[in-house]
Each structure stands twice: as C-alpha cells, then as structure tokens.
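In: From the sequence below, what's the structure:
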Amino acid sequence: ADSLSIAECASMLGRTGTHNPEHAVKNSASGNYAPGEACSFRTDKGPGAVDGLSVRIVALDTATALRHTFVVFSFDGQETVNIPAGNFFGTGYSYNQYLTHFSGVYPDGTMYASWLMPFRDSCTISILNSTTDSLFISAELETVPYSWNNSSMHFGAAWHEYKAIETAGAEGTGGTGKQIDLNMATLYGRGVYVGDAVTVFNTADAWWGEGDEKIYVDAETFPSSFGTGTEDYYGYAWCRPEPFSHALIAQPTGEGNFHPGMSVNMRYRILDAIPFSDSIRADIELWHWVNTVIDYGITAYYYLEAEY
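Out: A predicted model of the protein is given here:
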C-alpha cells in the first residue's frame with residue numbers, strides 16, 4: 001500500500017501538460033478582438049475553482065502581443081492577477097515550447113496554466129488586448145467543483161518589470177561589485193508562496209545570473225531561504241543555455257545566458273511551498289558579470305487568504 005501511494009504521488013508530481021480532471025466544465029471563446037477588447041469568462045455559480053486556462057494569440061507582431069496582452073483574474077470581486085500573457089505563461093515575448101505541471105506552451109503556440117484557483121461566489125477571467133492592433137484570441141477555461149471553507153485562499157500572481165536597469169558588474173571586469181536585490185513579491189496576510197519566473201533580456205556577452213534568492217518569512221531580518229546563484233535556484237548549473245523542462249522547473253529559452261538575447265527561467269513549488277502567517281518578501285540578487293543595462297521581468301505566484 002505504501003509503495004502504491006508513493007508511486008501515485010510521484011506520478012502526480014511528475015505530471016506535465018493540461019490536467020483534464022473528471023467533472024470539469026469547459027467553456028471556450030474565440031474571435032478577433034480590437035484594441036481595448038477582452039476575451040472574457042465569468043461565472044457566479046460558486047463555490048468552485050478554475051482548474052485550467054488555455055490561450056492562443058495570433059498576431060502580426062508576436063512580441064508586442066505577448067507583452068501587451070494582459071491576463072486578468074478576479075475572484076469574488078478581488079483582482080488578483082493582471083500580468084502580460086508572455087510573463088504569466090512563462091514563454092517571454094516569443095513562443096518557446098515547454099511543459100511543466102503548472103504551465104506550458106504547445107507547438108502551435110497554445111499557452112496553458114493549470115493552477116487550482118478557488119472562488120467562493122464568482123470569478124472573472126479576461127484576456128485583454130492592450131496593443132494597438134486587432135488580435136485573434138482563442139481561449140478555453142476549465143472549472144471544477146470545490147468546497148470553499150475557512151482555510152481556502154485565492155490564487156494570485158505579482159509582476160515586476162525592471163526595465164533598462166544598470167547592472168553593477170564584477171570588480172574583475174571593470175564593474176563596482178555592488179550588487180543589488182530586486183523584489184519578486186512582497187505580500188501581507190496569511191498565504192503560501194508557490195513559485196516564480198524570470199524573463200531577462202541580456203545585452204552583453206556575459207552571464208547575468210550569479211545572484212542569490214533571499215526569502216524573508218513573517219518579518220525575518222535575515223532570509224530563511226538564501227541561495228547560491230540564480231541558475232541553482234532554477235534547477236541547472238554553469239549558466240547553460242540549453243532549453244529544458246520538467247514538472248516543476250524549466251528554461252524554455254536560454255538564448256540570453258551568454259550573449260545578447262532573452263532567457264526565461266521558472267521554479268514552481270509543491271512540497272517546498274512556503275507558508276507565511278503575516279508576510280513574505282521574496283527578493284533575487286541582480287548579479288551580472290559585467291556593467292551593462294538589461295531588462296529583468298519577474299512573476300511570482302502565490303495563494304493569499306481572501307478578504308471579505
């Protein structure tokens with residue numbers, strides 16, 4: 001019995017792609033959406049949970065579409081997600097195929113997210129065209145039954161964009177060596193921190209990711225999670241550029257690891273999710289080998305106690 005339970009758990013933890021659970025209700029929508037229009041789903045038949053969202057965007061300018069089409073979630077009247085599609089789905093500003101337990105991109109450019117997102121009364125899911133051109137958007141939303149109780153939390157995601165930020169560089173390469181920390185998320189209340197992803201546009205022939213993650217739980221003055229390098233945190237080593245994806249870690253593209261270009265890294269948490277009672281602050285150190293200017297986008301994923 002123990003071996004069977006372990007095998008079942010390992011199978012669940014290792015699962016990638018969309019989940020397609022039993023008793024799921026699927027709704028789909030598609031069409032051409034003008035600037036300012038949204039492909040939206042709404043339900044007032046709570047309690048329940050969103051179990052999956054798949055989105056495909058067709059545009060003449062893919063990079064602009066992925067940067068300026070926003071994924072917007074509201075649960076029980078509270079907006080918890082408002083993030084560019086490319087950042088939320090972990091593909092950056094081009095389509096990069098990968099599959100994890102919680103997100104991925106299929107060969108045809110369909111992006112999916114499979115977080116469980118409970119709601120007590122209602123939810124609204126929108127894909128908002130904030131570009132200046134019309135876009136073709138197709139989307140499918142999957143909801144499942146869910147028993148809301150006093151321990152239930154809303155899913156949320158935070159996004160920070162550090163655009164044209166100057167890196168200190170190493171002293172040995174002419175830099176100052178005075179590295180800085182970038183905030184991934186600062187949250188207040190009771191919740192659980194379940195992952196993060198970075199989209200980096202490198203501009204130099206040098207590695208950008210020597211920085212350590214530093215996570216402070218419940219007003220710690222010294223981080224209880226203090227890492228050994230960005231690539232270690234995201235599941236690889238020696239700043240390798242090869243794409244990879246597994247159930248909870250992925251590098252959909254590493255083109256910017258050694259040279260000018262874009263890199264995307266992500267880490268999702270199940271067994272190592274971080275609960276907090278009052279607050280959490282998650283930072284990552286910006287530690288580039290050379291003094292240059294880069295773009296650094298960060299998405300953090302979490303659950304937070306609902307406010308009523």
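In: low-scoring stretches of the stretch 201-308 of the chain, by residue?
Out: Along the stretch 201-308 of the chain, segments meeting pLDDT under 70 span 308.
In: where do the helices sit along it?
Out: Per DSSP state H, counting those that start in this stretch, the stretch 201-308 of the chain carries helices over the ranges 230-233.
In: what about the strands in it?
Out: 213-217, 225-226, 244-245, 249-254, 261-268, 274-276, 279-286, 293-305 (DSSP state E, counting those that start in this stretch).
In: how about these, which one is nearest Ala63?
Out: Evaluated over those, closeness to Ala63 peaks at strand 261-268, with 9.4 Å, by CB to CB. The way it works is simple: take the backbone N, C-alpha and C, and place the C-beta from them, glycine included.
In: ok, back up a step: can you redo the strands of the stretch 201-308 of the chain as TSV with distance to Ala49 and mean neighbour count?
Out: Output for the strands of the stretch 201-308 of the chain, formatted as TSV (distance: least, CB to CB, whole Å; neighbours: other CB atoms under 10 Å):
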stretch	distance to Ala49	mean neighbour count
strand 213-217	26	20
strand 225-226	28	14
strand 244-245	25	17
strand 249-254	24	24
strand 261-268	18	23
strand 274-276	20	17
strand 279-286	23	21
strand 293-305	12	21
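In: Switch those over to TSV; also include distance to Glu140.
Out: As requested, the strands of the stretch 201-308 of the chain are arranged in TSV below (distance: least, CB to CB, whole Å):
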stretch	distance to Glu140
strand 213-217	34
strand 225-226	36
strand 244-245	21
strand 249-254	21
strand 261-268	21
strand 274-276	31
strand 279-286	31
strand 293-305	21
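In: mind checking which of these is nearest Ala185?
Out: Closest to Ala185 of those is strand 293-305 (CB to CB; 3.6 Å).
In: how many neighbours does Pro241 have?
Out: Pro241: 16 surrounding residues under other CB atoms under 10 Å.
In: what residues are up against it?
Out: 254-255, 257-258, 263 (CB atoms under 8 Å, 6 or more residues apart in numbering).
In: same question, Leu182
Out: Listed by CB under 8 Å, 6+ apart, the contact set of Leu182 reads 160, 162, 165, 283-286, 296, 298.
In: Check which residues of the strand or helix carrying it are buried.
Out: Assigned by DSSP states H and E, Leu182 belongs to strand 180-188. Neighbour-count burial for strand 180-188, counted by 16 or more other CB atoms under 10 Å, picks out 181-182, 184-185, 187.
In: With stretch 81-100 instead?
Out: So stretch 81-100, judged by 16+ other CB under 10 Å, has buried residues 81-96, 98-100.
In: Can you flag which of the residues you listed belong to strands?
Out: Using DSSP state E, the members of the buried residues of stretch 81-100 that fall in strands are 81-84, 98-99.
In: Is it possible to get CSV of those that adds pLDDT and distance to Pro275?
Out: Formatted as CSV, these follow (pLDDT from 0 to 100; distance: CB to CB, whole Å):
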residue, pLDDT, distance to Pro275
Val81, 98, 21
Asn82, 98, 25
Ile83, 98, 23
Pro84, 98, 28
Tyr98, 97, 28
Leu99, 96, 27
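In: Name the spans of the stretch 1-150 of the chain whose pLDDT lies under the cut-off.
Out: 1-2, 4-6, 10, 12-15, 17-22.
In: again, 90 this time
Out: Along the stretch 1-150 of the chain, segments meeting pLDDT under 90 span 1-24, 46.
In: I'd guessed Ala24 sits against Asp51; true?
Out: Yes: counting by CB atoms under 8 Å, Asp51 is a contact partner of Ala24 at 6.1 Å.
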